[in-house]
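Engineer: Need a 3D model of the following:
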Amino acid sequence: MAKRTIFERFRPTSARRPRRRHLVAVTAFDGVVLGDLSTPCEIFSLVRGTDGHPFYDVRICSVKPEVQSQLVTLKVPWRLGTLIRADTVIVPGIDDLERLVPLDLRRAIRRAVDRGARVASICSGAFVLAATGALDGLRATTHWRAASELARRHPAVAVDPDVLYVDNGRILTSAGAAAAFDLCLHLVRCDLGATTAAEVARSAVMPLERVGGQAQFIIHQPPTHEASASIAQTLSWIERNLAHDLSLPAVARRATMSVRTLSRQFRAQVGMTPAAWIACVRVRRAQALLETTRLTVEQVATECGFGTTVAMRQRFGELVGTTPMAYRKAFYSDSAPAGANAAKSGANRTG
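Structural biologist: Modelled structure (predicted):
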């Protein structure tokens, strides 16, 4: 008797076999991202009833028998006719946003949407789904690096770059890479309940719920601006003196401007208020300290000029989507230097 794998032995205790297996069609096309293609296949194939039969019938389908992806050629067993009967259609990411997805595939996806199938995109698959018009008027997400491009190309879509996935009921989108796991586990939970989803997550060695959203992975660069010499010097001075009094009157005195002029210059040249810009810089600095030093959260709050840990948690949550402690747990490097003083990198020098 053949030895069964750990996945074949997996049996969700709360699951009961449905009358007809839920058909999941995973679309494939030239340039499909392999990780995005494989994740739904793995997650949905893990779900089995107490009698050992799979809950989901997972089929990879495409326009043609073979598709080219990165360095491999994939033989695809199913054609687009699968989408006609599919209960759920998964659209993986595409490796090049300029690559043209076959019109037949886009039409098949749109027909699935129109007949009420559940359709979900993974990462840059949102561009494929948006090209069908299915996301118009809806909130959607994609990989944070591509979010602005999705919004530019499809202004009728409300793009949210901060979340791991967006559920509009029958239409879902997810962020990049690992967010595919979050999306698929969410779909399992919707279909079969939290207990089954939790057991699938344990089998896949994934948390059922991840703290925070995609915002915690975004690299928060300083706001771009075409600043005059005076305002540019003020911005640089602020970044070197985050722990000091950066109230609007104090910054205006440093810039030798009136409060009203300073506010006007910030809005015109930086695109936001002085307070909002300072908050972004402080949070960005806090992220760096949490990643690379052993300073306590209280020390980080002081170093970055928040005053209190409560104030830092509030701002951090607004901009990063998680707590400072959760962020450190996810991104802290073991190579961080020992001792609180190691963080004194000169960020708060006066002058």
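Engineer: Tell me where the model's unsure across this protein.
Structural biologist: For the chain, applying pLDDT under 70 flags the ranges 1-19, 49-51, 205-230, 330-331, 333-351.
Engineer: Who are the packing partners of the helix ranked longest in it?
Structural biologist: Scanning the chain for the helix with the most residues, using DSSP state H, yields helix 274-292. Packing partners of helix 274-292 (3 or more C-beta pairs under 8 Å, 6 or more residues apart in numbering; DSSP states H and E): helix 229-240, helix 248-254, helix 259-269, helix 297-303, helix 309-320, helix 324-331. Bear in mind the C-beta positions are built from the backbone N, C-alpha and C, glycine included.
Engineer: could those go into TSV alongside distance to Val89 and mean neighbour count?
Structural biologist: TSV is the format used below for these (distance: least, C-beta to C-beta, whole Å; neighbours: other C-beta atoms under 10 Å):
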stretch	distance to Val89	mean neighbour count
helix 229-240	47	16
helix 248-254	52	16
helix 259-269	45	16
helix 297-303	44	19
helix 309-320	33	18
helix 324-331	32	17
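Engineer: Ramachandran coordinates for Leu74?
Structural biologist: Per-residue torsions, Leu74: phi -100, psi 130 (degrees, to the nearest 10).
Engineer: Run a quick check on it versus Val67, I expect a contact.
Structural biologist: Yes - taking contacts as C-beta atoms under 8 Å, Leu74 lies within contact range of Val67: 5.1 Å.
Engineer: Mutual contacts of these two, please.
Structural biologist: When C-beta atoms under 8 Å, 6 or more residues apart in numbering defines a contact, the residues bordering Leu74 and Val67 alike are Ala28, Val32.
Engineer: returning to what we had before: nearest to Ala28 among the helices and strands packed on helix 274-292 would be which one?
Structural biologist: Nearest of the helices and strands packed on helix 274-292 to Ala28, taken as C-beta to C-beta: helix 324-331 at 31.8 Å.
Engineer: So what touches the closest one?
Structural biologist: Applying C-beta under 8 Å, 6+ apart, the contact partners of helix 324-331 are 211-212, 216, 286-287, 290-291, 297, 300, 309, 312-313, 316, 320, 322.
Engineer: what residues are up against the nearest residue to Leu262 once chain neighbours are set aside?
Structural biologist: Leaving aside its sequence neighbours, Leu262 sits nearest to Ala252 (C-beta to C-beta, 6 or more residues apart in numbering; 4.5 Å). Applying C-beta under 8 Å, 6+ apart to Ala252 gives the contacts Ser258, Val259, Thr261, Leu262.
Engineer: okay, now the domains of this protein?
Structural biologist: Structural domains assigned to the chain are 6-217, 229-343, following automatic domain parsing.
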